[in-house]
Every structure is written in C-alpha cells, then in structure tokens.
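A.B. asks: Need a 3D model of the sequence below.
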Amino acid sequence: MAGTSETKPNVLITGANGLVGGKLLAAISRRREAFGAVVALDIRQTPDADRLNHIEYLVGDICDPELEHVFRQHAITAVIHLAAIVSPGKDSSADLEYRVDVLGTRNIVETAVKTGVQQIISLSSGAAYGYHASNPVPLRESDALRGNDDFIYSRHKRLVEEMLAEYRQKQPQLRQLILRPGTILGEHVRSPVTAVFDGRVVIGVAGAETPFVMIHVDDVAAIILKGVLEGREGIYNLAGDGVLSLREIAKRAGKPYLALYPSLLKFILAVLKALKLSTRGPEGVDFLRFRPVLANDQLKQTFGYVPHMTTAQVFDCYLRGRSTAGGQQ
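C.D. replies: Numbering: from 1, shown residues only. Below is the predicted model:
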C-alpha cells in the first residue's frame with residue numbers, strides 16, 4: 001500500500017489502539033482521500049470490529065529495529081508518535097516504562113531519519129514542564145522543561161523532548177511538531193488523572209488550588225490531523241480556555257471535597273503503594289499540589305486552531321459520558 005500522489009502523506013501511527021489513536025484514525029478515515037498509506041501500529045491486536053477500511057493494522061513493538069522494513073515498504077513520509085505508557089499496570093516496571101517511552105521513541109526517530117521521513121508529530125504532555133511550586137502561571141512553550149525525576153511519566157516526557165531537541169539540531173530536515181496537552185478527556189475516558197475525581201470523595205491537598213486545564217480528545221485528534229495535512233512544525237500547548245480547581249471539579253461532579261495536609265497524604269500514598277493498592281506514591285502530592293497550567297495562545301494564534309470546548313465544558317462532557325455509560329476502559 002503506497003500513496004497515490006507525492007502530495008499525500010504516507011502515515012505511520014504508533015500507539016494506534018490508544019484513546020487518541022482511535023479518535024485520530026476515525027478522523028483520518030473521514031479524510032481518507034487526503035492520505036496515501038495509513039499504517040496503524042500497536043503492541044496489541046486491533047479487534048476486527050474496530051478496524052476501519054483502507055487502513056493497514058500492524059502488531060509491533062516500537063523498540064523493534066525491524067520496523068525499518070515497515071517504513072520502507074509503505075514509503076512513510078510522516079510519523080505520528082502516540083505510543084507511551086500512560087497508565088502503568090501493577091506488573092509494570094520502571095525499566096519497561098523507560099524502554100517504551102524513551103528508547104522506543106529513539107528507535108522511531110532514528111528509523112524516521114534513516115528512511116527519509118519528512119515529519120514526526122510527537123504527543124508529549126504538560127507533565128514535561130514538571131510539577132513545581134515555581135512554575136510560571138500560565139506556562140508557555142518557551143518555559144523550561146523540568147519534568148520531575150520522582151514522577152516517571154513526567155521525567156520520561158522531559159527526556160523525550162530533550163532528545164527531540166537534539167535531533168532538531170542534528171537532523172533539521174525532519175520537521176517536528178510537538179504537542180503538549182493538558183488533561184485529555186472524552187466521554188468514556190479512564191486514566192490516572194480521572195482516578196483523582198472518580199471516587200466517592202474527591203481528595204485534594206490543603207492549601208492548594210490544584211488547577212486543571214483540559215482538552216477534549218476530539219480536539220487533540222483534529223489538531224494532529226491539521227498538523228499532518230499541513231506539514232506543520234513547532235511546539236504547542238494543547239488546552240481549552242479556562243481552569244478548574246479540584247474543589248470546583250468536585251462541586252460539578254456532586255461529590256464531597258476533602259483537603260488533607262500534605263504530610264498525611266504522602267503517608268497514605270506511601271502505604272497504598274507499598275500494599276500495591278496504588279501505582280502512585282508520595283510524589284502524587286506534588287502531582288496535585290503544583291499542576292501545570294498551560295497557555296494556549298500559540299495554539300490559537302500561530303497554529304490556527306481554537307479548541308471547541310473550554311476546560312469546564314470538557315469536564316462536563318466527561319461527566320455526561322460517565323453518567324450515561326458508566327465509563328469504559
């Protein structure tokens with residue numbers, strides 16, 4: 001399967017079975033005439049019922065050096081790199097997460113360079129800025145990336161972006177579009193973030209606002225689609241307008257809000273992690289206390305995309321989905 005025109009991108013999507021990948025493939029399917037080859041790669045098999053016409057689904061590991069064959073076979077011109085471990089399971093390990101998040105990304109970028117790919121779109125995260133009391137409010141794309149070493153996901157997003165910055169210097173012919181979303185939500189989403197407000201009681205940190213900026217998964221897919229079709233490059237925060245504090249989130253969800261002292265919450269999380277009842281330990285306190293608030297000016301003014309929902313509307317949409325369908329994994 002190859003592109004029918006030199007102007008049509010031949011696209012490889014990693015992590016294609018994930019939340020964003022599924023929405024993106026549906027968006028691509030609606031614009032299928034604008035693409036050449038579309039290859040959906042994931043470590044998991046895609047169920048037949050979820051497969052879309054004219055898209056090739058492959059099972060593969062992003063760390064596999066043999067992926068070069070796939071790139072060459074389909075004459076890939078653009079890579080949309082979504083693969084990452086966002087929700088580590090109980091059997092996950094730091095080594096596995098590093099292998100996938102960092103070494104897997106390196107393999108994808110190296111293969112892209114080797115095979116003459118023209119563009120890579122990397123889904124990063126606002127977590128790359130880190131969770132720090134000294135973070136500017138709001139954070140802009142030019143602000144320092146200080147992903148916390150004790151929060152694996154945040155650290156890995158920082159390391160990946162540092163790696164990509166090196167490739168921008170060494171391999172400028174590979175255009176990079178880096179997207180840093182806030183909390184991605186949709187009607188049927190479960191994630192480490194939704195776990196914060198899915199319980200019967202919403203637990204926060206005393207003395208902290210715990211601000212959330214959110215973006216709907218459909219907006220994320222639309223931004224990626226625009227980026228690949230227009231061959232865009234640059235770095236952009238992704239967030240709807242406005243901020244919701246955790247207390248406001250609890251109120252909108254109709255749940256009680258309980259603010260615990262940081263020292264008590266750290267102790268509770270340490271115990272839960274030791275008992276393997278939680279994947280997050282004491283670092284979870286700073287995850288709540290110092291959440292990055294992302295400016296979206298560059299997304300709207302330079303990239304030319306205005307999110308369809310504000311942060312509050314995204315959360316209300318999520319709530320409606322939870323109440324009507326009970327959520328799904």
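A.B. asks: For the stretch 101-250 of the chain, which segments count as helices?
C.D. replies: Assigned by DSSP state H, counting those that start in this stretch, the stretch 101-250 of the chain shows helices spanning 104-114, 152-170, 194-197, 217-229, 246-253.
A.B. asks: which stretch in these is the model least sure about?
C.D. replies: Note on those: helix 194-197 shows the lowest mean pLDDT, a mean of 90.
A.B. asks: So which bits of that one are buried?
C.D. replies: Buried residues in helix 194-197, counting neighbours by 16 or more other CB atoms under 10 Å, are found at 196-197. Backbone N, C-alpha and C define where each C-beta goes, glycine included.
A.B. asks: Tell me where this structure is predicted with low confidence.
C.D. replies: Counting by pLDDT under 70, the chain has low-confidence residues at 1-6, 87-92, 325-329.
A.B. asks: can you pull out the strands in it?
C.D. replies: Using DSSP state E, the strands assigned to the chain run over residues 11-14, 38-42, 56-59, 78-81, 119-123, 175-181, 183-185, 202-205, 211-212, 214-216, 234-238, 244-245, 257-260.
A.B. asks: Which other helices and strands does the longest one contact?
C.D. replies: In terms of contacts (3 or more CB pairs under 8 Å, 6 or more residues apart in numbering; DSSP states H and E), strand 175-181 is packed against strand 119-123, helix 152-170, helix 217-229, strand 234-238.
A.B. asks: what are the pairing partners of it, and which direction each?
C.D. replies: Using DSSP bridges, strand 175-181 pairs in its sheet with strand 119-123 (parallel), strand 234-238 (parallel).
A.B. asks: any chance of those strands in TSV, with mean neighbour count and distance to Gly204 too?
C.D. replies: Compiled in TSV, the strands paired with strand 175-181 are given as follows (neighbours: other CB atoms under 10 Å; distance: least, CB to CB, whole Å):
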stretch	mean neighbour count	distance to Gly204
strand 119-123	24	28
strand 234-238	23	24
